[in-house]
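S.K.: Quick one, what's the 3D model for this:
(2 chains, ligands or ions: 2)
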Amino acid sequence: MTTQIGHNTDLPERAYRIRRNALRMGEVQGQGYIAQALDIADVLAVAYFHAMTYRPEDPHWEGRDRFLLSNGHYAIALYAALIEAGIIPEDELETYGADGSRLPMSGMAAYTPGMEMSGGSLGLGMSIAVGMALGLKRKTSGNRVYVLFSDGELDEGSVWEAVMSAAHYGLDNLIAVVDVNNQQADGPSTEMMGFEPLVDKMEAFGWFTQRVDGNDIDAVRDAFDAAKARNAGKPSIIIADTLMGKGVPFLEAREKNHFIRVEEHEWQLALSALDQGRTA
Amino acid sequence: MADIKTAAPEARTEAAEVRPKKKLTTSAMIASIASEGQETRPAPFGHALVEAARADERIVGMTADLGKYTDLHIFREAFPDRYYQMGMAEQLLFGAAAGLAHEGFIPFATTYAVFASRRAYDFIHQTIAEENLPVKIAAALPGLTSGYGPSHQATEDLALFRAMPNMTVLDPCDALEIEQAVPAMLAHDGPVYMRLLRGKVPVVLEEYGYRFEMGKAKIIRGGTDVLVISSGLTTMRALEVARTLEADKVSVAVLHVPTIKPLDTETILREAGKTGRMVLVVENHTVVGGLGEAVARVLLQEGMAPKFRHIGLPDEFLAAGALPTLHDRYGISADAIAASIKGWL
Ligand SMILES: Cc1ncc(C[n+]2csc(CCOP(=O)(O)OP(=O)(O)O)c2C)c(N)n1
Ligand SMILES: [Mg+2]
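M.R.: Ligands and ions are numbered 1, 2, ... in the order given. Now for the predicted structure:
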């Protein structure tokens, strides 16, 4: 039985395969939050193939690290990682978003193995993470809670309530990652509601804070390692600056949008472009 | 800022509907509610609000990161300096709307119905309704109009806002009614919650010579076997049902109740009192606490006991899936309503 899978495997290759899975799901539906999936693939590769402990064949194993997808519309990205991790069979990606599928367009715990919360309504994950981290400590478990959330969620007051409480309770078993892709529904996040300087804010709230290029996989790996070092009883946050569409140059260059347009014929082009980047 | 065509997923969803292979199988957030070939009008709320705002300087527009998805971008383009982007913070949105109303402005505040009702309820209750402030809430994706799952299915919004003192609650049926509801909301002295249909909104009521009046239920078409009482999207469906059942020699009247609160009890009692008709309430809402229970109470209190039936969404967390699949499954598609009626007659 595997308890930790794939550590120190080829992380760029994992990230490539996560992107590939996501593009294939996007093609199935002709839509999806694909630009976000591409931007966060490197973070997910490090989380699932370097940082976290879990058993693919037993997603509810008590000894697992918890992973909360607070930004449930990123489900396509997490499904891609769960497929790569062997928690969901690869051929299931053909069902993405279809009636009766275990992979609905919005992440929901009851539908999908490995999905630890029901998302869709944003700004909830950090509160759940605080409770899980408290619960793990009560159980004297050495496991950690990881929570991924998006820069749009920084607007929600609930996030900051939870941020304050995590420091109050010294939750050094809590590691948050925020995807700063500078995009939300109505436009660029920093223009919708200024949230900078984010490092200063998080430090002032008592968190061990790192800011990295979220598409520099070595930097992301180092940041996870440092976060896991349980710094002086503080919760950890990794602020990951990412590029929407990362890995597919014509999508990276496309006008930034919450819901990026991909024409029917472009999915195959995107897959080829991704392959080219892999061999290059 | 990008224009709506490139921005909104429904542009893709609607385009996808002409390709049969991918037709209507997705649990996408935004799906079209128009029937095939139905006439639609773009962003009726946004355009009506711009028109109202030209004449009334007190109007401001506010949203919580859903301007493009509630047709408020039309207002933003026309009056950029009367538009407030509050970020994705629904509690702030309504608290700040209350503050602006205190200062003499009339905020039209938009988000999705789920977030107005569930996330921000206490803020609306305490900062707006308790002081009877003129904040006008336009809430998109009402009832079951998203296949995205419970997070975006506002199945209990009418129950929640009916239960809030001072709140007027509207559930318009089509583009025409939304256009007429906006000036009525403005003229009303107090808070209003309107279920918003946005994007390309069907035009349904024009051919009946309909005019919206706040607080008034109206007979859209007469009939002798069944009286359907409905609001919003289900009035659209009820009219389709009435047409198809004609062929089966079933005569269906449709009483449209766009103002859920205060309820037009007089018209409801008058119509339900005409003997020989089954009374059927159809609503795009949970069976708990919506129009159906409201109508039943009115009838019982008057001692009326017509044959009564109620179609609404079940008291459960609904599935994710394609909207037509879900409307069939939960009994509020035109086909499902027609089949229920035939079974009951
Ligand atoms: C509480 C809540 N409010 C509003 C929405 C509607 N919504 C869905 S995604 C989104 C943008 C959120 O920002 P972010 O996740 O950073 O967007 P992205 O990077 O994916 O473009 C909004 C406002 C929501 N899902 N939940
Ligand atoms: Mg973002």
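
S.K.: all strands of the stretch 101-250 of chain A, in order?
M.R.: Taking DSSP state E, counting those that start in this stretch, the strands of the stretch 101-250 of chain A run over residues A:145-150, A:174-180, A:208-213, A:236-241.

S.K.: Next, the angle strand A:236-241 makes with the third one.
M.R.: Orientation check (axes from the mean of the first three to the mean of the last three CA atoms, to 10 degrees): strand A:208-213 against strand A:236-241 gives 20 degrees.

S.K.: Report the distance from strand A:208-213 to the chain centre.
M.R.: 15 Å (CA atoms, centre = their mean, to the nearest Å).

S.K.: average pLDDT for it?
M.R.: Per-residue pLDDT over strand A:208-213 has a mean of 98.

S.K.: Please name every helix or strand in contact with that strand.
M.R.: Judged by 3 or more CB pairs under 8 Å, 6 or more residues apart in numbering or on different chains; DSSP states H and E, the packing partners of strand A:208-213 are helix A:198-204, helix A:217-228, strand A:236-241. C-beta here means a position set from N, CA and C on the backbone, and glycine is covered the same way.

S.K.: Out of the ones you listed, which one sits most buried?
M.R.: Comparing the helices and strands packed on strand A:208-213 by mean neighbour count (mean count of other CB atoms under 10 Å in any protein chain shown), strand A:236-241 ranks first with a mean of 24.

S.K.: Pairing partners for that strand, with directions?
M.R.: Sheet pairing of strand A:236-241 (DSSP bridges) gives strand A:174-180 (parallel), strand A:208-213 (parallel).

S.K.: who's in contact with the last one?
M.R.: Strand A:208-213 is contacted from outside by A:198-199, A:202-203, A:219-220, A:222-223, A:226-227, A:231-232, A:234-241, using CB atoms under 8 Å, 6 or more residues apart in numbering or on different chains.

S.K.: make it 7 Å
M.R.: Applying CB atoms under 7 Å, 6 or more residues apart in numbering or on different chains, the contact partners of strand A:208-213 are A:199, A:202-203, A:219-220, A:223, A:226-227, A:231, A:234, A:236-241.

S.K.: With the first one instead?
M.R.: Defining contact as CB under 7 Å, 6+ apart, one finds that strand A:174-180 is touched by A:39-40, A:43, A:126, A:129, A:133, A:144-151, A:154, A:166, A:214, A:227, A:235-242.

S.K.: and if we set it to 8 Å?
M.R.: Outside strand A:174-180, the residues touching it (CB under 8 Å, 6+ apart) are A:36, A:39-40, A:43, A:47, A:71, A:74, A:126, A:129-130, A:133, A:144-151, A:153-154, A:166, A:189, A:198, A:207, A:214, A:224, A:227-228, A:235-242.

S.K.: centre of the chain versus the least confident helix or strand in chain A by mean pLDDT, how much separation?
M.R.: Lowest by mean pLDDT, DSSP states H and E among the helices and strands of chain A is helix A:266-279, with a mean of 95. Distance of helix A:266-279 from the chain centroid (CA atoms, centre = their mean) equals 22 Å.

S.K.: does chain B sit close to that helix?
M.R.: No - Helix A:266-279 stays clear of chain B (CB under 8 Å from any CB of the partner chain), getting no nearer than 12.2 Å.
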